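**Q** Build the 3D model from these lines:
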Amino acid sequence: MRLRNNPDAINILKAHPEHVIVEPSAYKGRWHEVFQNDHPIHIEIGMGKGDFIIESAKRYPEINFIGIEMFSTVLLKAYNKRKDLDLPNLMFVKEDAANLLEDFEENEIDRIYLNFSDPWPKKRHEKRRLTYESFLQEYKHILKPHEHLIFKTDNRKLFEYSIVSFTRFNCHIHDVCLDLHNSEGYEDNIQTEYERKFSPFGPIYRIDISFHKNKPIHIKNERGES
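**A** All right, here's what the predicted structure looks like:
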């Protein structure tokens, strides 16, 4: 169910810059200064209410985590969950995924998580899908060489679309899991709030990729021609 918009959310978030950054472009290339260390930086794009990124920060204090969410009302829900927690390795950012190149320098990020992104099922909305080519270009730019992007979804059509998109983009596909919660080797999986709620109704799909930094990109047309 969609959250009712809270008109005060953005002002509340702005009042807590120790936990939430609303103008992230000011820190491009300087995110290690925000955390005051040189630890790896992992980002979750479209973090929702924050369960995944908060639990990740708890489990892995040696990693810096940035949760990115564009909707102020949703971000406020996440902020309320973490505001009393001692997590110096966690920062929230209010931002649209389309602006990542304005916020992060080339090779600045060590891992990207895409968890249960909006599938945008209508063909005319294809360019809004977070595994569309234009977004992959952004991820490739900000990720360090050989580092990974982890994608999870319960939407079969988005899963299939993403496999094709990753392949056309010449990504290195390290692992594909067709039923995350019933497969061995994924015991460290951290669930999102959405994942806990909807996983009983069908399988969770997971894809682990990296980008070939120096490999040319060949996009095929509908006839399979380069």
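**Q** Pass me the low-pLDDT residue ranges in this structure, would you?
**A** Scanning the chain for pLDDT under 70 picks out the ranges 1-3, 214-226.
**Q** how about the strands of it, start to end?
**A** Ranges of strands in the chain, per DSSP state E, are 20-21, 41-45, 64-69, 90-94, 109-115, 143-153, 172-177, 205-210.
**Q** which of those strands sits most buried?
**A** Across the strands of the chain, averaging neighbours per residue (mean count of other CB atoms under 10 Å) puts strand 64-69 on top, at a mean of 26. Glycine gets a C-beta too; all of them are placed from N, C-alpha and C.
**Q** need the longest helix for the protein.
**A** With residue count as the measure and DSSP state H as the assignment, the chain has helix 156-168 as its longest helix.
**Q** List the buried residues of it.
**A** Leu158, Phe159, Tyr161, Ser162, Ile163, Ser165, Phe166 (16 or more other CB atoms under 10 Å).
**Q** What of stretch 180-199?
**A** Leu180, Asn189, Ile190, Gln191, Thr192, Glu193, Tyr194, Glu195, Ser199.
**Q** quick one: contacts for the third one?
**A** With contact set as CB atoms under 8 Å, 6 or more residues apart in numbering, Ile190 has these partners: Phe52, Glu55, Ser56, Arg59.
**Q** related to what we said a few turns ago, nearest to Asn37 among the buried residues of stretch 180-199?
**A** Nearest to Asn37 among the buried residues of stretch 180-199 is Ile190, at 22.0 Å by CB to CB.
**Q** beta partners of Asp208?
**A** Ile150, Asp175 (DSSP bridges).
**Q** Highest neighbour count among the contacts of Ile190?
**A** Using other CB atoms under 10 Å as the neighbour test, these are led by Phe52, with 25 neighbours.
**Q** Run a quick check on that one versus Tyr113, I expect a contact.
**A** Yes: in terms of CB atoms under 8 Å, Phe52 counts as a neighbour of Tyr113; the distance is 7.1 Å.
**Q** The buried residues of helix 156-168: which two are farthest apart?
**A** Leu158 and Phe166 (12.1 Å).
**Q** Overlap in contacts, the two.
**A** What both Leu158 and Phe166 touch, as defined by CB under 8 Å, 6+ apart, is the set Thr131.
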